[in-house]
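*Asks:* sequence and predicted structure below; questions after.
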Amino acid sequence: MDSLGEIIAFARDHQGEEPLRLLLQQERFPAVDLRLVAQQMEGMKQASAKWPTLAHCADYFFPPRLNREQSSSEATARYKATLFEALNCHTFADLTGGMGVDTYFLSTKARQGDYFELDTELFALTQRNLQCLGVANVECHRGDCVAFLQSHDGTFDLLFIDPARRDSQGRKVAAFEDCTPNLLDNLELLRSRCRHLMVKASPMIDIHQALLQLGEVAEVHVVALHNECKEVLFVLPGDLRPSPTAPELTFHCVEIGPAAPAGFTFRPAEESDAAATFATRMGSYLYEPNAAIMKGGGFRLVSARYGLDKLARNTHLYTADRLIEDFPGRTFHVLTEVPLNAKKIAPLLPDHKAHVVTRNYPMPATELQRKLKLTEGGNRFVVAATLGSTPAGWLCEEIKTTP
């Protein structure tokens, strides 16, 4: 069995089986590359949640696991496509195309696109998959994107780059100077060929350090999915920008999970000028900003905009006696203050189940959970944090608000 189509068909016929178990049956299927079949079965299962559009493409052939893990989700790729539109762009180049998910969704908003990939096998597979998806406005290039830009005169409305975040030993890295290609070494070249440069960085990136390294940055988009920070996008003005006026840096902290609140947007000067109020007691409700805000900051503004009291300068939790329906994060109803002692908390949690959350507290959540002899589960939360200068704990229930 040589054709990719036959491998896809075989994988679909055996979707009810475990890929690892199937791999042990090579003697039963001597003409079938079961390694590739298992790769497809894993990809199909992963796609149902991560890339639903790809899951519905009957001829899509999934690349190996590492390529899938390094790829954007459909939700975050769609978000980039909305930014492409908002920037009034028509042409783009995905300089580190990989599996092509970002390329595909950018292409749905573009007049013309270009895809670059160094790896020969991944390039050929993605070129095939883009054709299966009906993409007719993207030109595919196998090779070094930097070398291409150095030897060609083309310009683009948007250049998008997601440098590989693994070193020569395969270990994960986050800093720009450790990624491939080295963004900082090629920044001048990239900016000279576009109106806008979009850089995708690790969710572990030090944003302050990155801003110092990149220089002029127009926008920072901290993107979270299901309350987990997935990526940080830096949008830089290119040399071909429509206006020579230096843009004012704006942060966009966006949670794009289901039923997500609107993004939290601010300028650094707004945060510097904001005056937070601080709590002297715990109110009836406890508020925790979503993962995007926790990464992007704006902690004084959360207090000022929503009229909330911050628990302490370094405790990014807030409280009030009123319920805020559209708060961008989790909301808890505070039932009572609790002693963080196993014997004393046991009567309040007779099933010994609770979700334990610690914020600016001298003990990680897993350790506190063991100390309190609790198991994960139930609908109660034990939140431990520093209020003012005093560590304390509260028994809470999460409130599911509708934005």
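*Replies:* Yep, that arrived.
*Asks:* could you check how far the residue nearest to R241 when sequence neighbours are not counted is from L87?
*Replies:* Counting by CB to CB, 6 or more residues apart in numbering, R241 lies nearest to R195, which is 5.2 Å off, once chain neighbours are set aside. Using the backbone N, CA and C atoms, a C-beta is placed for each residue, glycine as well. From R195 across to L87, the span is 8 Å (CB to CB, to the nearest Å).
*Asks:* also Q26?
*Replies:* Counting by CB to CB - Q26 and L87 are separated by 51 Å.
*Asks:* give me the below-cutoff pLDDT ranges for the stretch 101-250 of the chain.
*Replies:* When residues are selected by pLDDT under 70, those of the stretch 101-250 of the chain lie in 167-170.
*Asks:* can you give me the strands in it?
*Replies:* Using DSSP state E, counting those that start in this stretch, the strands found in the stretch 101-250 of the chain span residues 112-117, 138-142, 156-161, 194-201, 219-225, 228-237, 250-255.
*Asks:* ok, back up a step: looking at Q26 and L87, which is more packed in?
*Replies:* When Q26 and L87 are compared on other CB atoms under 10 Å, the one with more neighbours turns out to be L87, at 17 against 12.
*Asks:* residues contacting the nearest residue to that one once chain neighbours are set aside?
*Replies:* Among residues not flanking L87 along the chain, H196 sits closest, at 5.3 Å (CB to CB, 6+ apart). By CB atoms under 8 Å, 6 or more residues apart in numbering, the contact list for H196 reads L87, C89, D157, L158, L159, A218, V235, L236, P237, G238, R241.
*Asks:* now do L197
*Replies:* Neighbours of L197 in contact, by CB under 8 Å, 6+ apart: L158, L159, I161, L190, R191, V235, L236, P237, G238.
*Asks:* coming back round to it: which residues does the residue nearest to L87 bridge with?
*Replies:* L158, P237 (DSSP bridges).
*Asks:* residues near the closest residue to G100 other than its chain neighbours, how many?
*Replies:* Sequence neighbours aside, T126 is the residue nearest to G100 in space, at 4.1 Å (criterion: CB to CB, 6+ apart). When neighbours are defined as other CB under 10 Å, T126 has 26 of them.
*Asks:* what's in contact with stretch 344-354?
*Replies:* Applying CB under 8 Å, 6+ apart, the external contacts of stretch 344-354 come out as 336, 338-339, 369, 372-378, 380-382, 395.
*Asks:* sort out for me which of those are in helices.
*Replies:* Among the contacts of stretch 344-354, DSSP state H puts Q369 in helices.
*Asks:* among the contacts of stretch 344-354, which ones are buried?
*Replies:* V338, Q369, L372, L374, R380, F381, V382, L395 (16 or more other CB atoms under 10 Å).
*Asks:* nearest to L286 among those residues?
*Replies:* F381 (8.9 Å; CB to CB).
*Asks:* surely the closest one meets I399?
*Replies:* No. Taking contacts as CB atoms under 8 Å, F381 lies outside contact range of I399: 10.9 Å.
*Asks:* circling back to that earlier point, could you export the buried ones among the contacts of stretch 344-354 as a markdown table, including distance to L83?
*Replies:* Below are the buried ones among the contacts of stretch 344-354 laid out as a markdown table (distance: CB to CB, whole Å):
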| residue | distance to L83 |
| --- | --- |
| V338 | 44 |
| Q369 | 39 |
| L372 | 44 |
| L374 | 42 |
| R380 | 39 |
| F381 | 35 |
| V382 | 39 |
| L395 | 41 |
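*Asks:* from those residues, pick the one nearest K172.
*Replies:* Closest approach to K172 among the buried ones among the contacts of stretch 344-354 (CB to CB): Q369, at 27.1 Å.
*Asks:* touching, that closest one and M363? I think so.
*Replies:* No. Using CB under 8 Å, Q369 is not in contact with M363; the gap is 9.7 Å.
*Asks:* domains of this protein?
*Replies:* 4-52, 69-247, 271-399 (automatic domain parsing).
*Asks:* circling back: I'd assumed V101 was in contact with the residue nearest to G100.
*Replies:* No. Look at T126 against V101 with CB under 8 Å: they stay out of range, at 9.4 Å.
*Asks:* what packs against the longest helix along the chain?
*Replies:* Secondary structure of the chain per DSSP H: the longest helix is helix 34-50. If you count contacts as 3 or more CB pairs under 8 Å, 6 or more residues apart in numbering; DSSP states H and E, helix 34-50 packs onto helix 4-13, helix 19-23, helix 52-55, helix 65-70.
*Asks:* pull out the buried positions in the second one.
*Replies:* Same thing as helix 19-23. Counting neighbours by 16+ other CB under 10 Å, helix 19-23 gives P19, L22 as buried.
*Asks:* quick one: contacts of it?
*Replies:* Outside helix 19-23, the residues touching it (CB under 8 Å, 6+ apart) are H14, L34, R35, V37, A38, M41, E42.
*Asks:* and these as TSV, adding distance to F116?
*Replies:* Shown next, in TSV, are these (distance: CB to CB, whole Å):
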residue	distance to F116
H14	35
L34	32
R35	28
V37	30
A38	29
M41	29
E42	26
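*Asks:* and which of those is nearest L54?
*Replies:* Closest to L54, out of all of these and judged by CB to CB, is E42, at 13.2 Å.
*Asks:* grab the most central residue of the chain for me.
*Replies:* K230 (1.4 Å; CA atoms, centre = their mean).
*Asks:* go ahead and confirm that one touches V222.
*Replies:* No. Between K230 and V222 there is no contact under CB under 8 Å: 9.3 Å.
*Asks:* which residues in the stretch 151-300 of the chain form helices?
*Replies:* 187-192, 207-214, 268-273, 291-296, 299-306 (DSSP state H, counting those that start in this stretch).
*Asks:* okay, those in TSV with distance to R171 next?
*Replies:* Output for the helices of the stretch 151-300 of the chain, formatted as TSV (distance: least, CB to CB, whole Å):
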stretch	distance to R171
helix 187-192	24
helix 207-214	19
helix 268-273	32
helix 291-296	22
helix 299-306	32
